[in-house]
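Student: turn this into a structure:
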Amino acid sequence: MRQPPICSPAAALLDRVRTEIGIDWDDDEIAASSPRAVPLPSRLAVSDLAWASVRAAGLAAGIGTPPDPVRIAAAYRSDRMLTVDGVAPDVWSPFSGFWRSRDGWVRTHGNYAHHAARLLAGLDLAAGSGAADVAAVIAGTTTSEAVATITATGGLAVPVLPESPRTNARLRATPLLEVIRSGGADAAPPAARDQDHGSRPLAGIRVLDLTRVIAGPVCTRTLALLGADVLRVDPPHLDEPDWQHLDTGHGKRSILLDARTGRFQELLDRADVVVLGYRPSSLATLGISPDALAARHPGLVIAQLSAWGADAPGRAGFDSLVQAESGIALIESPDGDRPGTLPAQALDHSAGYLLAAAITGLLRRRRREGGTWIIRTSLRRIAAELLGMPRASEPEPEQTMDPSAHTASFDVDGTTLITAGPALPGLAFAAPHRWGSDQPAW
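Tutor: Numbers count the residues shown, from 1 in each chain. A predicted model of the protein is given here:
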């Protein structure tokens, strides 16, 4: 009888992932899963979460060698490792941050220009207003008033709240990785592409990537690292910051294409995997919800990532907002007053690696069993898992890291790009393509 390898929080999480995606990893590989702490100092168990997430992706791909904990930390902080022609990009907008209100704190996200414009509109500020103007308006309102006015115009803001043990316990009673099978064994893979290819286990697998902003792109970047042909699809009307795509676009091709076109449907007809990162309500409007895709495309593996999960299908969100509303920001307060943050956008990165592990494992199951597979998770569900893991009263001291040992360098159309290297051992990234620079074809 298999004994549960519960010897560390990381091992316990790996055991749960193994059960949920139905892959029989070796107990010894799981039990020895945390030889050294990942240097991501936090009161919460970010180290264990990061280790287990990356290790799960490796084990699902048949990579027995444990990852380097320092390399994991570098990968989770990839935005801090990134340079474009020797310059580190400014990755945070002045409209993304914590703002003190009359009765608490508000967290906003304005990295995209359209979100910043809606934030200003919600606060009745003119275009061209700055962070000081935002601070002054929010300081004169209550938290609930500020959040309501910003979100009413489509801006992104949440209250900074204490953790809710009852809510988190309810979420932890649901799967971390929700796996649903539809169709029988007759729902076969699209073609003989679905084969093992040694150290590149996903070679020949075609992945349509409909994601943006860290979590989804980390997932599909990992699939590309494992050999998949990943085609990222963005709508023509939504710009993407160049640095953001270069940070997570390794090994992918990138196209601009409306999902309502016949050409998109042709790409979909020949895909093995679709990864969805947009709001569930928006996907349903476009007719590409997981259920709709499963009904029309037998044999497909469909992965869906959202910020807030099934409870809020129409709600947009980002890692920073989920940290603030879930209670993480107050737990990580540096002084007991001001909200703090995790040492990396750990909800995003962990969701990406865990989703990649699930997709890789389900492709293997599809090969054996047939069927159409849907896998779902959310940043809020990842947050609940982290909040249920052991925590410390104070974070460990920050460690000095030599970044040169954990970076990769590329020439991207004449631009010198330095990024964090891959967290999975024994593999190397291919260079990212320029955003939107490829043709819509497999």
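Student: what helix or strand is Leu330 located in?
Tutor: helix 328-331 (DSSP states H and E).
Student: so for that helix, what's the average pLDDT?
Tutor: Helix 328-331 shows an average pLDDT of 98 in the prediction.
Student: export it as PDB, just CAs?
Tutor: Provided in PDB are the C-alpha atoms of helix 328-331 (Å, rounded to 0.1, in the frame of the first residue of the first chain):
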ATOM      1  CA  ILE A 328      -1.700  38.200   2.200                       C
ATOM      2  CA  ALA A 329      -0.800  41.900   2.000                       C
ATOM      3  CA  LEU A 330      -1.600  42.500   5.600                       C
ATOM      4  CA  ILE A 331       0.200  39.400   6.700                       C
END
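Student: which is the next helix or strand following that helix?
Tutor: Using DSSP H and E, the helix or strand that follows helix 328-331 towards the C-terminus is helix 346-369.
Student: can I get the CA coordinates of that next one in PDB?
Tutor: Extracted C-alpha coordinates of helix 346-369, given in PDB (Å, rounded to 0.1, in the frame of the first residue of the first chain):
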ATOM      1  CA  ALA A 346       4.200  33.900  -6.400                       C
ATOM      2  CA  LEU A 347       0.600  33.300  -7.100                       C
ATOM      3  CA  ASP A 348       1.100  33.900 -10.800                       C
ATOM      4  CA  HIS A 349       4.300  31.800 -11.200                       C
ATOM      5  CA  SER A 350       2.900  28.900  -9.100                       C
ATOM      6  CA  ALA A 351      -0.300  28.800 -11.000                       C
ATOM      7  CA  GLY A 352       1.700  28.700 -14.200                       C
ATOM      8  CA  TYR A 353       3.900  25.800 -13.200                       C
ATOM      9  CA  LEU A 354       1.000  23.900 -11.700                       C
ATOM     10  CA  LEU A 355      -1.100  24.300 -14.800                       C
ATOM     11  CA  ALA A 356       1.800  23.200 -17.000                       C
ATOM     12  CA  ALA A 357       2.200  20.100 -14.800                       C
ATOM     13  CA  ALA A 358      -1.500  19.300 -15.100                       C
ATOM     14  CA  ILE A 359      -1.500  19.800 -18.900                       C
ATOM     15  CA  THR A 360       1.500  17.500 -19.300                       C
ATOM     16  CA  GLY A 361       0.000  14.900 -17.100                       C
ATOM     17  CA  LEU A 362      -3.300  15.000 -18.800                       C
ATOM     18  CA  LEU A 363      -1.700  14.700 -22.300                       C
ATOM     19  CA  ARG A 364      -0.200  11.400 -21.000                       C
ATOM     20  CA  ARG A 365      -3.600  10.300 -19.700                       C
ATOM     21  CA  ARG A 366      -5.200  11.200 -23.000                       C
ATOM     22  CA  ARG A 367      -2.700   9.000 -24.800                       C
ATOM     23  CA  ARG A 368      -3.600   6.100 -22.600                       C
ATOM     24  CA  GLU A 369      -7.300   6.700 -22.100                       C
END
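Student: in it, what counts as buried?
Tutor: Neighbour-count burial for helix 346-369 flags 346-366 (criterion: 16 or more other C-beta atoms under 10 Å). Backbone N, C-alpha and C define where each C-beta goes, glycine included.
Student: stretch 258-274 now?
Tutor: By 16+ other C-beta under 10 Å, the buried positions in stretch 258-274 come out as 259, 264, 267-268, 271-274.
Student: one more: stretch 311-324?
Tutor: Buried residues in stretch 311-324, counted by 16+ other C-beta under 10 Å: 312, 315-324.
Student: return the member of those residues nearest to Gly130.
Tutor: Nearest to Gly130 among the buried residues of stretch 311-324 is Ser320, at 19.8 Å by C-beta to C-beta.
Student: the closest one is in contact with Arg107, isn't it?
Tutor: Yes. If you go by C-beta atoms under 8 Å, Ser320 and Arg107 touch, sitting 6.4 Å apart.
Student: what pLDDT does the closest residue to Thr149 other than its chain neighbours get?
Tutor: If the residues on either side of it in the chain are set aside, Thr149 comes closest to Gly122, at 4.7 Å by C-beta to C-beta, 6 or more residues apart in numbering. Confidence at Gly122, expressed as pLDDT, is 97.
Student: please report phi then psi for Gly122.
Tutor: phi -60, psi -30 (degrees, to the nearest 10).
Student: what's it in contact with, if anything?
Tutor: 149-155, 157 (C-beta atoms under 8 Å, 6 or more residues apart in numbering).
Student: for those residues, which one is nearest His115?
Tutor: Gly155 (6.2 Å).
Student: and for that closest one, the neighbour number?
Tutor: Applying other C-beta atoms under 10 Å, we find 24 residues neighbouring Gly155.
Student: secondary structure class of it, three-state.
Tutor: Of the three states, Gly155 takes coil according to DSSP: H, G, I helix; E, B strand; the rest coil.
Student: out of the buried residues of stretch 311-324, which comes closest to Asn111?
Tutor: For the buried residues of stretch 311-324, the nearest to Asn111 is Phe318 (8.0 Å; C-beta to C-beta).
Student: returning to what we had before: widest-spaced pair of the buried residues of stretch 258-274?
Tutor: Ala259 and Asp272 (17.8 Å).
Student: pull the contacting residues for Gly352.
Tutor: Neighbours of Gly352 in contact, by C-beta under 8 Å, 6+ apart: 53, 214-219, 221-222.
Student: ditto for Pro395
Tutor: Pro395 neighbours (C-beta under 8 Å, 6+ apart): 41-43, 343.
Student: of those, which is the most crowded?
Tutor: Ser42 (24 neighbours).
Student: may I ask which helix or strand encompasses that one?
Tutor: According to DSSP H and E, Ser42 maps onto no helix or strand at all.
Student: let me know the closest of the buried residues of stretch 311-324 to Asp103.
Tutor: Asp103 lies nearest to Ala324 out of these, by C-beta to C-beta, at 15.3 Å.
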